[in-house]
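Novice: this one's sequence-less:
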């Protein structure tokens, strides 16, 4: 399929195809082995390495470009969003090929083209309304890219009739086209790595990076990465992940929704393990405080940055009262992260950039970071497992909101939109994952929790009633979105990722 800007033959020249083939041959067997290990670890006590923690080592020193990251804006690697993000005044923009971008082949090609032009300062976009967006070639916001995780495939690119791992595909294609251009800008090829669960998976990413650097003639350590600690097992191996990636890693990031989703998945076979509704799982919960502090402790102890979580609020210029309340919550959240030791945080909307930037610039007294700051205490695995289990019935509104968010997001996702504005928040796959995981958990828990208003057990009958109500409220919702949600919720075998499941069954 040819894109609107360049052809596939341009995007995938023979030398890049050779690199992708070599990566597949060298690393695919190990990747599949690690995915099998994920299944085997479910429900077991998370592990960590005392030897690595007791030994003396530091990550490769941070380059100047990566030392100040007070506010990072995120969004899908789409032309208009990329231009606006790189003009936002944020220290960095994470262009997402994963949770905020659907795996439709057209989207992935367009994302690579967008990043190609962004790296060279030549990105231009003409909107359907006829408005032209032109990237300032001298933009100063740092460009970062998040490839898809190890669990995903790219079925539109085959090697010996087998689909390549999406992580290999995204990473190699991006580095092949853009590493040199980014270095010429005085920046560099910088990545965010998602969904890592173990030091062994980090070692696979390290091998992938080294392979690409060698093939492209780049010195080891040219590529720098930030790892999202967004899975439950990874919180116990943060230092081990830093160790395996010590030649390339620049920081760790805390991703709450994915972390909670991973936690439910990890213990899903324990039918008595039931978390409260997601709206009550705020970062002042002790187990989430411990998680955030471990991200900071591990990163700073080894010389890396710690980047805080997402402020997903989307300001509404027609609703100043809503804005005022939400912005106060954003300030409170980011001030807390600053006090915990984080060096910066994420936002989803350009209007939040100056607000969060001011908090970190003033709080750090003009310093680039606070890597020297360590949380009090040492690694405490017990505090990471002090879960607030469900006590009492579940409010109907909590059930309904989860179903509503799932249906609205899945409908958009199936239509190729991975970042969706819902209820004044910018949501990506992580929100749908935690929402559908909770619905599944409540349905298959033993004993089944009660619904608060009726005191009846949570049931498929209740879910069907609510699905019908949401469909009535939103007549444009596709029946396909409702069918996909039913498949995710009603199967007794928990589906590990909605993206892998829906990609294989619903996306041509």
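Specialist: Sure thing, it's come through. Fair warning: this is a prediction, and the values are worked out from it, not measured in the lab.
Novice: so what strands line up beside the helix or strand harbouring residue 421?
Specialist: Residue 421 is part of strand 420-422, with elements assigned from DSSP states H and E. Here strand 420-422 is paired, per DSSP bridges, with strand 425-427 (antiparallel).
Novice: show me what the strand holding residue 421 is in contact with.
Specialist: Among residues not part of strand 420-422, those counted as contacts by CB atoms under 8 Å, 6 or more residues apart in numbering are 314, 405, 408, 409, 412, 413, 426, 427, 428, 431. To be clear about C-beta, it is placed using only N, CA and C from the backbone, and glycine gets the same treatment.
Novice: switch to 6 Å and redo it
Specialist: The contact list for strand 420-422, computed with CB atoms under 6 Å, 6 or more residues apart in numbering, reads 314, 408, 409, 412, 427.
Novice: go on, stretch 315-323?
Specialist: With CB under 6 Å, 6+ apart, stretch 315-323 has contacts from residue 351.
Novice: list the buried residues for it?
Specialist: 315, 323 (16 or more other CB atoms under 10 Å).
Novice: re the thing from before, the contacts of strand 420-422 in helices, which ones?
Specialist: 408, 409, 412 (DSSP state H).
Novice: need those in TSV (columns: distance to residue 250, pLDDT and neighbour count).
Specialist: Output for the ones in helices among the contacts of strand 420-422, formatted as TSV (distance: CB to CB, whole Å; pLDDT from 0 to 100; neighbours: other CB atoms under 10 Å):
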residue	distance to residue 250	pLDDT	neighbour count
408	35	98	20
409	31	98	26
412	32	98	20
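Novice: residue 16: which of those residues is nearest?
Specialist: Lowest distance from residue 16 to the ones in helices among the contacts of strand 420-422 (CB to CB) belongs to residue 412, with 31.4 Å.
Novice: with adjacent residues omitted, what lies nearest to the closest one?
Specialist: residue 420 (4.5 Å; CB to CB, 6 or more residues apart in numbering).
Novice: what's the burial count for the one you found?
Specialist: Residues lying near residue 420 (other CB atoms under 10 Å) number 20.
Novice: next: residue 487.
Specialist: Applying other CB under 10 Å, we find 15 residues neighbouring residue 487.
Novice: same question for residue 289.
Specialist: Other residues close to residue 289 by other CB under 10 Å number 17.
Novice: also residue 457?
Specialist: Per other CB under 10 Å, the neighbour tally for residue 457 reads 16.
Novice: close enough to count as contact, it and residue 448?
Specialist: Yes: contact criterion CB atoms under 6 Å: residue 457 and residue 448 qualify, at 4.2 Å.
Novice: need the next SSE after the biggest helix by length in the chain, C-terminal direction.
Specialist: If each helix of the chain is counted by residues according to DSSP H, the longest one is helix 14-41. Next along the chain after helix 14-41, taking DSSP H and E as the criterion, comes helix 50-54.
Novice: next, the buried residues of that following helix.
Specialist: Quick answer for helix 50-54 (16+ other CB under 10 Å): residue 52.
Novice: can you tell me what sits against that helix?
Specialist: Residues from elsewhere that reach helix 50-54, judged by CB under 6 Å, 6+ apart: 239, 240, 243.
Novice: now do that helix: distance to the chain's middle.
Specialist: Averaging C-alpha positions (CA atoms, centre = their mean, to the nearest Å) puts helix 50-54 28 Å from its chain's average.
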